[in-house]
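> sequence? don't have it. structure:
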């Protein structure tokens, strides 16, 4: 400032000397114009610095020790937040080829016990439709799992539209509700079909028809390979899952009502699959942010669940490796970093959150418009679905499929099924969190490593610009893994049915 004042005084003195001499009016006018132009230049230079500071606010930890930078809302363009990625002219493609022939096996029967939760059963049933076709068998309506963690007594027709299922697939596989009475007591070949098997395996299994008229499949999930199957077999799986396995009329009806009520509240919404239930945390061994008592409760549950093979799990390693579901707090930080404003309507698709409202408080403080199905539907409407976890999950599935944006906190069975279905329906926006990368950022944030809200938001958005459901081919096995173990690392067919069931053909 002192130097500036000095310069000003010198300019004033010089001006006095010049003006004291006799100058022509033209020279005086030129000098005045020069001074005016110089003043304008100085003004715009300073204004530019002000605008730049406003666009890049620095959040100081010293000034606000209790307010982390992620609570600062950064305005992002609407289209970046809500628009679906380009589908590049791709569309559903499930019609059989001219070489396709329906199964004829009227006197050979396949009975199936579907295992797991809703989406594990859905994809397993779709696999069994394809297996029945390969083995030229009649498929008996599958029996649903009643022994799993959810203890759901629902039958096939409670969850799915049975008549629609049979009619839709009548050109592919013969389906009956029950075995003929004369076959109810005959010996059956009980089979644990090998996971991720191909055509050759099931052609071999056809030898069982020589001695048995009925084959009973003990487990249905992941019985077919993700890749290297005939095009018609893959398309049959898609017809079964996306066309035939329609939910029962009561579920479809209430599901559509929930979507309509969300649209009435706010024209658009995010469906958040918040996989933070007790069973998931116990199974994965993820205890970050939990109390010692809660961690011990989960350990005991894992020990006592016989079919969970891995018992000793290092929670820290799980989290660093990206194998843990995001916590509700981490989800809030993530969505805020992506640029979603606090007013965003978020439907929470989940069961009972471990830790209840206390564990949801941080997420709700960032996004107050958090709603559950219990807040959208009346007690009377939900009464029929009480104590039926699979039917309740079906409601969440419908709302998730129809959402403007779908965000899963963990890549479990529902997350994969919903992502694949949304891809099939036109690559609707699905943001898949990079949990491994996010954990590193969250830990830096916790330790004070990130200081600017804009910098943190930019890093998160860049990390996820190619994780929003745009068209891409299915991922193969992880490098370096050989043998049957490689199948486990492949991307699921039902997570991304491109290119077999999504193409540029006009056939749908």
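In hand now; what should we look at? Because the structure is predicted, anything quoted here is derived from the model rather than measured.
> Quick check: phi and psi on the residue lying closest to residue 247 once chain neighbours are set aside?
Spatial nearest neighbour of residue 247, excluding adjacent residues (Cβ to Cβ, 6 or more residues apart in numbering): residue 394 at 5.1 Å. Any C-beta I mention is one placed from the backbone N, CA and C, and that applies to glycine too. With angles defined as degrees, to the nearest 10, residue 394 sits at phi -60, psi -40.
> Residue 394: neighbouring residues, count only.
Residues near residue 394, counting by other Cβ atoms under 10 Å, number 26.
> check contacts around it.
Residues near residue 394 by Cβ atoms under 8 Å, 6 or more residues apart in numbering: 118, 159, 247, 251, 255.
> Which of those fall in helices?
118, 159, 251, 255 (DSSP state H).
> gap between the nearest residue to the last one once chain neighbours are set aside and residue 378?
In other words, residue 255. Nearest residue to residue 255, sequence neighbours excluded (Cβ to Cβ, 6+ apart): residue 398, at 3.1 Å. Between residue 398 and residue 378 the computed distance is 17 Å (Cβ to Cβ, to the nearest Å).
> So these two - more neighbours on which side?
With neighbours defined as other Cβ under 10 Å, residue 398 and residue 378 compare such that residue 398 has more, 20 against 8.
> Which element, helix or strand, includes that one?
Counting by DSSP states H and E, the element that carries residue 398 is helix 389-402.
> and residue 357, how many neighbours?
8.
> right, I mislabeled it, should have said residue 364
14.
> quick one: the closest residue to residue 339 other than its chain neighbours from residue 205, how far?
Setting aside the residues directly before and after it, residue 339 is nearest to residue 76 in space (Cβ to Cβ, 6+ apart), at 3.0 Å. According to Cβ to Cβ, residue 76 stands 53 Å off from residue 205.
> neighbour-wise, which of these two wins?
Counted by other Cβ under 10 Å, residue 76 and residue 205 do not tie: residue 205 has more neighbours, with 18 against 14.
> Test my guess that that one contacts residue 193.
Yes: using Cβ atoms under 8 Å, residue 205 is in contact with residue 193, at 7.2 Å.
> Which parts of the stretch 251-400 of the chain are helices?
Using DSSP state H, counting those that start in this stretch, the helices of the stretch 251-400 of the chain run over 278-284, 292-304, 315-320, 328-338, 356-366, 373-376, 379-383, 389-402.
> for the second one, packing partners?
The one in question is helix 292-304. Packing partners of helix 292-304 (3 or more Cβ pairs under 8 Å, 6 or more residues apart in numbering; DSSP states H and E): helix 278-284.
> cool, the fifth one as well?
Packing contacts for helix 356-366, counted by 3+ Cβ pairs under 8 Å, 6+ apart, involve helix 328-338, strand 370-371.
> Distance check, the residue nearest to residue 255 against residue 258.
On the measure of Cβ to Cβ, residue 398 and residue 258 end up 7 Å apart.
> need the contact list for residue 183.
109, 213, 214.
> which ones among these are found in strands?
109, 214 (DSSP state E).
> Throw the contacts of residue 183 into a markdown table and include distance to residue 234, thanks.
Below are those laid out as a markdown table (distance: Cβ to Cβ, whole Å):
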| residue | distance to residue 234 |
| --- | --- |
| 109 | 24 |
| 213 | 29 |
| 214 | 27 |
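> Most neighbours among the contacts of residue 183, which one?
residue 109 (24 neighbours).
> Can you report how many residues neighbour the closest residue to residue 239 other than its chain neighbours?
Nearest residue to residue 239, sequence neighbours excluded (Cβ to Cβ, 6+ apart): residue 94, at 5.0 Å. Residue 94 is flanked by 22 other residues according to other Cβ under 10 Å.
> go on, the one 4 residues further on?
Residue neighbour count, defined by other Cβ under 10 Å, stands at 6 for residue 98.
> for the one 10 residues further on, same thing?
The burial count assigned to residue 108 is 20, neighbours taken as other Cβ under 10 Å.
> what's the spacing between residue 104 and residue 133?
10 Å.
> which one of these two has more residues nearby?
A side-by-side neighbour count of residue 104 and residue 133, using other Cβ under 10 Å, places residue 133 first with 25 against 12.
> I'd like the next helix or strand past the strand or helix carrying the more buried one.
Per DSSP H and E, residue 133 falls inside helix 118-134. The C-terminal neighbour of helix 118-134 among helices and strands, as given by DSSP H and E, is strand 138-140.
> Can you mark which positions in that following strand are buried?
138, 139, 140 (16 or more other Cβ atoms under 10 Å).
> for those residues, which one is nearest residue 368?
residue 139 (48.2 Å; Cβ to Cβ).
> Enumerate every residue touching the residue nearest to residue 339.
338, 339, 457, 461.
> Kindly report the same for residue 294.
Applying Cβ under 8 Å, 6+ apart, the residues near residue 294 are 287, 354, 355.
> could I get those residues as a markdown table with pLDDT, neighbour count and distance to residue 390?
Shown next, in a markdown table, are the contacts of residue 294 (pLDDT from 0 to 100; neighbours: other Cβ atoms under 10 Å; distance: Cβ to Cβ, whole Å):
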| residue | pLDDT | neighbour count | distance to residue 390 |
| --- | --- | --- | --- |
| 287 | 96 | 22 | 27 |
| 354 | 95 | 19 | 20 |
| 355 | 94 | 18 | 24 |
